[in-house]
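Colleague: return atomic coordinates for the entry below.
(one chain, ligands or ions: 1)
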Amino acid sequence: MISREDISAILSRYDENNLKIATVCSHSALQIFHGARMESFTTIGIATARSRPYYESFPLARPDIFIEVGSYDEILRRDVQEKLRCENAIIIPHGSFVEYIGAENILEHFLVPMFGNRLTLLWEGDRRRQREWLEKAGIPTPRIYSSPSEVDRRVIVKFHGAKGGSRYFTASDRFDLGSKLQKLGYTEGYVIEEYIVGVRYYPHFFLSLLEKPNVSGVDYGRLELLGIDRRLEVIDEMHRGWPDVIEEYMDFTVTGNQPVVLREKLLVDLLEIAARLASTSRKLFYPGLIGPFCIETIYNPKRGFTVFEVSARIVAGTNLYIYGSPYSAFYYDEPMSTGRRMAREIREAIRKNRLESILY
Ligand code: AMP
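Modeller: Numbering: from 1, shown residues only. All right, here's what the predicted structure looks like:
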């Protein structure tokens with residue numbers, strides 16, 4: 001695995017006065033480039049011939065430099081990595097970046113400094129490890145059933161490697177589950193999870209190693225809540241089929257995001273969960289969570305928050321808040337997107353001579 005020392009060695013050859021922010025042209029790249037420009041960084045977009053003209057068409061968010069690839073896995077090619085290092089590039093990893101290149105390839109073969117802690121990829125990308133992290137943090141999670149015969153309530157079935165809710169399905173009890181699995185011909189490669197009834201909230205956090213701790217439970221940096229969204233999934237439109245229940249609407253595929261604010265007294269619960277997650281991450285994969293992360297939650301008035309997933313990087317829901325959110329306004333009296341916040345952190349780290357602590 002690429003070590004922290006390998007990345008430090010590369011950083012020691014970088015020109016700190018000429019660092020550039022780079023990412024793949026997808027997911028939340030426009031926000032990342034826009035935010036980096038606001039902090040006076042030169043930006044690099046890794047694009048395909050098809051995506052490039054579209055990314056060129058946004059005057060305030062287009063990257064200054066393009067590195068064109070035939071397909072995104074070419075990022076691992078020696079010459080592409082060399083080009084990035086020659087440009088003093090710092091990569092901002094986002095969901096598509098990790099998906100296109102693969103967590104394992106990033107850990108083993110991607111020798112370019114990345115914002116945040118690369119080790120989070122190990123813990124976030126593996127459902128079992130992620131569960132261990134949440135449980136160690138004492139955070140309520142949906143129950144997992146190791147076999148269909150154990151099922152004692154409504155469940156949701158998720159497939160390994162399925163992205164953004166696609167192909168998930170629900171079953172009302174173990175008999176329903178058994179017949180659905182049989183009909184679909186599935187015998188393995190899935191997780192059976194308790195179905196949680198409630199309202200979904202996806203809060204976006206940022207953990208700054210460079211600032212003083214501000215919430216109890218996190219002693220290694222400042223925890224900021226930069227926004228909250230709700231994902232728009234096909235199933236959310238179910239009511240449009242009424243009075244019939246149209247099967248096709250039973251689809252959890254994420255198609256977009258909507259801004260939300262939370263009833264204020266519930267913010268305390270959410271911040272407590274984020275603090276526990278961060279402090280546990282520090283013990284499991286030092287130095288722990290750094291930079292942006294999102295907790296995927298369902299709030300049920302009787303049970304409180306249940307966390308069903310963690311994304312330890314910028315999430316697409318932050319794209320709603322290019323000029324800040326109803327929460328970022330309580331930390332910054334200037335527009336502050338998550339993209340800009342990361343660029344600000346890099347700027348601050350250069351100023352404080354602490355770049356190595358936030359890049360790996
Ligand atoms: P995920 O791929 O884990 O982000 O899940 C995609 C969507 O499936 C979520 O946004 C929820 O709508 C739904 N979902 C996932 N897990 C659960 C659960 N345990 N209970 C209810 N809905 C869930």
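Colleague: how about the residues of the protein that lie near the ligand?
Modeller: For the chain, the residues in contact with the ligand (Cβ under 6 Å from any ligand atom) are 142, 156, 164-165, 168, 193-196, 200, 231, 233, 252, 296, 298, 308-309. No exception for glycine: its C-beta is placed from N, CA and C like everyone else's.
Colleague: now a PyMOL select for only the buried ones of those.
Modeller: Buried residues within those, by 16 or more other Cβ atoms under 10 Å, are selected in PyMOL with:
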select buried, resi 142+156+165+168+193+194+195+196+200+231+233+252+296+298+308+309
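Colleague: how about the strands in this protein?
Modeller: 20-24, 42-47, 65-68, 89-91, 144-145, 155-159, 169-171, 190-194, 199-208, 222-233, 254-259, 291-300, 304-311 (DSSP state E).
Colleague: make a markdown table out of those and add mean pLDDT and distance to residue 344.
Modeller: Listed next are these as a markdown table, based on pLDDT from 0 to 100; distance: least, Cβ to Cβ, whole Å:
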| stretch | mean pLDDT | distance to residue 344 |
| --- | --- | --- |
| strand 20-24 | 98 | 11 |
| strand 42-47 | 98 | 15 |
| strand 65-68 | 98 | 21 |
| strand 89-91 | 98 | 13 |
| strand 144-145 | 96 | 38 |
| strand 155-159 | 94 | 36 |
| strand 169-171 | 95 | 42 |
| strand 190-194 | 95 | 37 |
| strand 199-208 | 98 | 9 |
| strand 222-233 | 97 | 11 |
| strand 254-259 | 96 | 22 |
| strand 291-300 | 98 | 11 |
| strand 304-311 | 97 | 21 |
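Colleague: with distance to residue 114 added, can I get those in TSV?
Modeller: Converted to TSV, these look like this (distance: least, Cβ to Cβ, whole Å):
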stretch	distance to residue 114
strand 20-24	10
strand 42-47	13
strand 65-68	16
strand 89-91	5
strand 144-145	31
strand 155-159	27
strand 169-171	35
strand 190-194	28
strand 199-208	16
strand 222-233	20
strand 254-259	24
strand 291-300	10
strand 304-311	15
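Colleague: which one of the ones you listed lies closest to residue 6?
Modeller: Among the strands of the chain, strand 89-91 comes nearest to residue 6, with 14.3 Å by Cβ to Cβ.
Colleague: chain center to that closest one: distance?
Modeller: 18 Å (Cα atoms, centre = their mean, to the nearest Å).
Colleague: ok, and what's touching that strand?
Modeller: 19-23, 44, 84, 97, 110, 112-115, 346, 359 (Cβ atoms under 8 Å, 6 or more residues apart in numbering).
Colleague: stretch 343-356 now?
Modeller: Against stretch 343-356 from outside (Cβ under 8 Å, 6+ apart): 8, 11, 16, 19, 21, 35-36, 38-41, 90, 115, 208-210, 291, 336, 357-359.
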